[in-house]
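K.L.:
Have a look at this prediction, sequence included:
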Amino acid sequence: MELFADKPADDGVPGAERRLATVAVMAATAMAVLDGTVVNVALPSIAESLKVSAADTIWVANGYLLAAAMTLVTFSALASRIGFRRLFVSGVIVFALASLGCVLSTSLDMLVGMRVLQGIGGAATLSIGPAIYRTVFPTRLLGRILGLNALLVAASTAIGPTLGGILLSVASWPWLFAINIPLGILAAVLASRAIPHNPLPTTEPFDLAGAFLSAVTMGAAILATDAFAKLSGGSVLEGMLIAGAFGVLMVVAGAAFVWRQRRAPAPLLPLDLFHSPRFSLAALTSLVAFVGQGITIISLPFLFQNAYGYSVFTAALLFTAWPIGIVLAAP
């Protein structure tokens, strides 16, 4: 395969190590992305098993996404201070241990807490996956491997409910998390062997204020959205006040984050990236697309199972057209 063939002028690492690094990064990426969606189809089963309401189980999904969103930018900047291999392996280990915690969870609070830890571990790996590819692959193959990585992310996002439904048709919901444990161990071992111990590219101080403001902005945005989603009956006024408070916090923290990034000696997110209209529009397009897909993937399991009365397996089959479409269109 050309991706792992060596040529005399190649930068990066030799093909054999490149192959191991690719398996490690792709395994961790698939786990982290799948866990953002695979659990959605299991939410009705989790609600029944733990004897909680369907609305409360949304935080099994939200806790993971909230933690990942709040820490993704921070980890991408932290990688240049502690090294790609150290951050990646640490993230995979946290993710695998949190998956074990999910398997052993006996209450919704414990499960949500483990999902938050999973989100932190997943963010650590997802934030630097493309950067690791840049380190191990020669420049001539970089576009191809990044394209494959984008295909993996998109397909994993869409195929999660299908895989979850198929697994739930033969096993209970803890198995959705148990399969991460051996995969996490494999990814950590391969990453330790194949990802080079790159010299730290910067010794500038880490932007702690920027990291804090970034986390507050993203967290407030998700909590405001969650509060709006729960507006109903006599709690409308209370819900609007809560959503409004989080909305104000999001705007204030977001403005402070932008102010900080313009003045920090080593900004967490260099704002000059957005001076290019083409880059800014591409980023906005990607954001809207993933938000739309995420909303649909979370809501459809409840529609299929609770409203239409389909079995878990049938609901999973109804998702199959989605990942097939992505696989066909992505190339």
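P.N.:
Good, I have the coordinates. Numbers count the residues shown, from 1 in each chain.
K.L.:
mind listing the helices for the stretch 101-250 of the chain?
P.N.:
Taking DSSP state H, counting those that start in this stretch, the helices of the stretch 101-250 of the chain run over residues 108-126, 129-136, 139-168, 175-178, 180-194, 208-229, 236-263.
K.L.:
Kindly compare burial across the ones you listed and name the winner.
P.N.:
helix 108-126 (a mean of 23; mean count of other Cβ atoms under 10 Å). (Each C-beta comes from the backbone N, C-alpha and C, glycine too.)
K.L.:
who does that helix touch, helix- and strand-wise?
P.N.:
In terms of contacts (3 or more Cβ pairs under 8 Å, 6 or more residues apart in numbering; DSSP states H and E), helix 108-126 is packed against helix 15-37, helix 43-50, helix 54-82, helix 84-103.
K.L.:
Nearest to Phe319 among those would be which one?
P.N.:
Evaluated over the helices and strands packed on helix 108-126, closeness to Phe319 peaks at helix 15-37, with 9.5 Å, by Cβ to Cβ.
K.L.:
Next one: Ala51 from Pro44, what distance?
P.N.:
Careful, residue 51 is Lys and not Ala. Separation of Lys51 from Pro44 (Cβ to Cβ, to the nearest Å): 13 Å.
K.L.:
and if you look at Ser172?
P.N.:
13 Å.
K.L.:
Looking at those two, which one has more neighbours?
P.N.:
Pro44 (20 against 13; other Cβ atoms under 10 Å).
K.L.:
ok now do that one, which residues does it touch?
P.N.:
For Pro44, the contact set (Cβ atoms under 8 Å, 6 or more residues apart in numbering) comprises Ala54, Thr57, Pro301, Phe302, Gln305, Asn306.
K.L.:
Whichever of those residues end up buried, select them in PyMOL.
P.N.:
Written as a PyMOL command, the selection of buried residues from the contacts of Pro44, which uses 16 or more other Cβ atoms under 10 Å, is:
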select buried, resi 57+301+302+305
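K.L.:
between the contacts of Pro44, which is nearest Ala220?
P.N.:
Nearest to Ala220, judged by Cβ to Cβ, of these is Thr57 at 22.4 Å.
K.L.:
residues contacting that closest one?
P.N.:
Thr57 makes contact with Leu43, Pro44, Ile46, Ala47, Leu50, Leu108 under the criterion Cβ under 8 Å, 6+ apart.
K.L.:
How about the contacts made by the last one?
P.N.:
Same thing as Leu108. Ile46, Leu50, Val52, Asp56, Thr57, Trp59, Val60.
K.L.:
How many residues are close by the second one?
P.N.:
Yep, that's Leu50 we're talking about. The number of residues packed near Leu50 is 18, by other Cβ under 10 Å.
K.L.:
returning to that earlier point: closest to Val153 out of the contacts of Thr57?
P.N.:
Leu43 (22.2 Å).
K.L.:
tell me the pLDDT at the residue lying closest to that closest one once chain neighbours are set aside?
P.N.:
Leaving aside its chain neighbours, Leu43 sits nearest to Thr57 (4.6 Å; criterion: Cβ to Cβ, 6 or more residues apart in numbering). Thr57 is assigned 85 on the pLDDT scale.
K.L.:
swap in Phe137?
P.N.:
Taking Phe137 on its own, its pLDDT is 83.
K.L.:
Next one: it relative to Leu20, how far apart?
P.N.:
For Phe137, the distance to Leu20 - Cβ to Cβ - is 13 Å.
K.L.:
Likewise for Met110?
P.N.:
As for Met110, its distance to Leu20 is 35 Å (criterion: Cβ to Cβ).
K.L.:
wait, isn't Ala123 in contact with Ala68?
P.N.:
Yes. Under the criterion of Cβ atoms under 8 Å, Ala123 makes contact with Ala68 at 4.4 Å.
K.L.:
list the residues that contact both of these two?
P.N.:
With Cβ under 8 Å, 6+ apart, Ala123 and Ala68 have common neighbours Ala32.
K.L.:
Tell me who's in contact with Ala98.
P.N.:
Each residue near Ala98 by Cβ under 8 Å, 6+ apart is listed here: Met114, Arg115, Leu117, Gln118, Ile120, Gly121.
K.L.:
Present those as a markdown table; the columns should include pLDDT and distance to Phe206.
P.N.:
Below are those laid out as a markdown table (pLDDT from 0 to 100; distance: Cβ to Cβ, whole Å):
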| residue | pLDDT | distance to Phe206 |
| --- | --- | --- |
| Met114 | 94 | 27 |
| Arg115 | 94 | 27 |
| Leu117 | 94 | 22 |
| Gln118 | 94 | 24 |
| Ile120 | 93 | 17 |
| Gly121 | 93 | 20 |
